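Chemist: the amino acid sequence is not available; the structure is as follows:
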């Protein structure tokens, strides 16, 4: 693929790994969203990656992401299963059951389709 990266990075967390460290795609989600007057369409791919610890580095976030993010916190499986603590919303919906399934070692044979989570 032209312009393919040799490393995978989650820019919101600042975590960089080699692509071969990721397993197969376990879920997808897609849909429209807006940025100002621009209408966009995104397709998200979810992978399982186990880590022993992770320090969040937000230096790769753009201004819009910084404005929309007021804090980071790790959720337990019970919290993801709902109801969400403090009225927070888990996005995408159905992430909790998927995380429970993955934690039990049950990788889906093909990617699970999660509901789109961005209002358009």
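Modeler: That came through fine. Keep in mind it's a predicted model, so treat the numbers as computed, not measured. Numbers count the residues shown, from 1 in each chain.
Chemist: which pLDDT value goes with residue 75?
Modeler: At residue 75, the model reports a pLDDT of 82.
Chemist: distance of it from residue 26?
Modeler: Residue 75 is 17 Å from residue 26, where distance means CB to CB, to the nearest Å. For glycine as for every other residue, the C-beta is placed from the backbone atoms N, C-alpha and C.
Chemist: and stretch 67-82, how far apart are its ends?
Modeler: Distance across stretch 67-82, first residue to last, is 26 Å (CA to CA, to the nearest Å).
Chemist: return the set of buried residues in it.
Modeler: Within stretch 67-82, the residues scored as buried using 16 or more other CB atoms under 10 Å are 79, 80.
Chemist: ok, stretch 42-62 next?
Modeler: Buried-residue list, stretch 42-62, by 16+ other CB under 10 Å: 46, 47, 61.
Chemist: same thing with stretch 29-41?
Modeler: 29, 31.
Chemist: try stretch 92-100
Modeler: Going by neighbour count (16+ other CB under 10 Å), the buried part of stretch 92-100 is 92, 94, 95, 96, 98, 99.
Chemist: excluding chain neighbours, what is closest to residue 13?
Modeler: The shortest distance from residue 13 to any non-neighbouring residue, by CB to CB, 6 or more residues apart in numbering, is to residue 56 (5.4 Å).
Chemist: now the residue lying closest to residue 31 once chain neighbours are set aside: which helix or strand?
Modeler: Nearest residue to residue 31, sequence neighbours excluded (CB to CB, 6+ apart): residue 116, at 3.0 Å. Remark: residue 116 resides in no helix or strand, with elements defined by DSSP states H and E.
Chemist: contacting residues for residue 116?
Modeler: 29, 30, 31, 32, 92 (CB atoms under 8 Å, 6 or more residues apart in numbering).
Chemist: I'd say the third one and residue 118 touch.
Modeler: Yes - with the criterion set as CB atoms under 8 Å, residue 31 and residue 118 qualify as a contacting pair; they are 6.4 Å apart.
Chemist: what sits in contact with each of the two?
Modeler: residue 42.
Chemist: right, I'll call it a day here.
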